[in-house]
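Enquirer: sequence plus the predicted model coming up.
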Amino acid sequence: MAACPSPSILTPLIDDPLKLPSQRTEACEGTKPACTSDPGSSSWAPVLAFVALGANCVAAIYHSRHDPWSVAFVLASFLVLASLFYALRLYEALPRGSPRRARAKAAVWSLSAALTLMFARRVASLIMPRSAAAAAAVWAMAGSTILAGFLVLFVCHRDGAADEADEAPPKLADVA
């Protein structure tokens, strides 16, 4: 299968100078770019990243083996992060408009919020004896991150809105 060349500044304009390189598909009809992956396809990059994450967790557990709370934190962080990767993969694989996709999006936000709160608590507890203001700033940043994620995922973004924009590029009369 021939792969569609990646767009770059040097790519000549195919037929419409107003189209973005990502919208120029005429030369690649029926082909799939090599950089895309199906949710069911096998790729070594995620496996390698997961193995590296696991090795890092094992090393962190070994170094904090005398502190059971640190070991519990590392294990909980690993499990939440692994669950987040699974939920993201599931969300990307489900069709737009599916009720399961909406539940997967809620799971992604919940898991990312939990991970943010876990790390904020850990950092704030390390900073707290020195500076209560810095610990408050850590909590404020964590709260604003969680709120911004909620707003982007559930309030400002509708499933399918990006597809509608990609399918019908704006006409010059609409832009001017």
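Expert: Perfect, thanks for sending it. Numbering: from 1, shown residues only.

Enquirer: the helices in the chain, which residues?
Expert: Here the chain has its helices, by DSSP state H, at 44-63, 68-93, 99-127, 132-150, 161-167, 172-175.

Enquirer: got TSV for those helices, with mean pLDDT and mean neighbour count too?
Expert: Heads up, the C-betas are built off the backbone N, CA and C, glycines and all. Formatted as TSV, the helices of the chain follow (pLDDT from 0 to 100; neighbours: other Cβ atoms under 10 Å):
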stretch	mean pLDDT	mean neighbour count
helix 44-63	91	12
helix 68-93	93	15
helix 99-127	94	16
helix 132-150	94	14
helix 161-167	45	10
helix 172-175	55	7
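
Enquirer: you'd agree residue 118 is up against residue 73?
Expert: Yes. Under the criterion of Cβ atoms under 8 Å, residue 118 makes contact with residue 73 at 7.2 Å.

Enquirer: contacts for stretch 117-133?
Expert: For stretch 117-133, contacts defined as Cβ atoms under 8 Å, 6 or more residues apart in numbering pick out 73, 76-77, 80, 134-135, 138-139, 141-142, 146.

Enquirer: send the alpha carbons of that stretch over as PDB?
Expert: C-alpha atoms of stretch 117-133 as PDB (Å, rounded to 0.1, in the frame of the first residue of the first chain):
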ATOM      1  CA  LEU A 117      -5.300  15.600  42.300                       C
ATOM      2  CA  MET A 118      -3.000  12.800  43.300                       C
ATOM      3  CA  PHE A 119       0.100  14.700  42.100                       C
ATOM      4  CA  ALA A 120      -1.100  18.000  43.500                       C
ATOM      5  CA  ARG A 121      -1.600  16.400  46.900                       C
ATOM      6  CA  ARG A 122       1.900  14.900  46.700                       C
ATOM      7  CA  VAL A 123       3.600  18.100  45.600                       C
ATOM      8  CA  ALA A 124       1.600  20.300  48.000                       C
ATOM      9  CA  SER A 125       2.500  18.100  51.000                       C
ATOM     10  CA  LEU A 126       6.200  18.400  50.100                       C
ATOM     11  CA  ILE A 127       5.900  22.200  49.800                       C
ATOM     12  CA  MET A 128       3.600  22.900  52.700                       C
ATOM     13  CA  PRO A 129       6.100  23.000  55.500                       C
ATOM     14  CA  ARG A 130       8.100  25.700  53.700                       C
ATOM     15  CA  SER A 131       5.400  27.800  52.000                       C
ATOM     16  CA  ALA A 132       1.600  27.600  52.500                       C
ATOM     17  CA  ALA A 133       1.200  30.100  49.600                       C
END
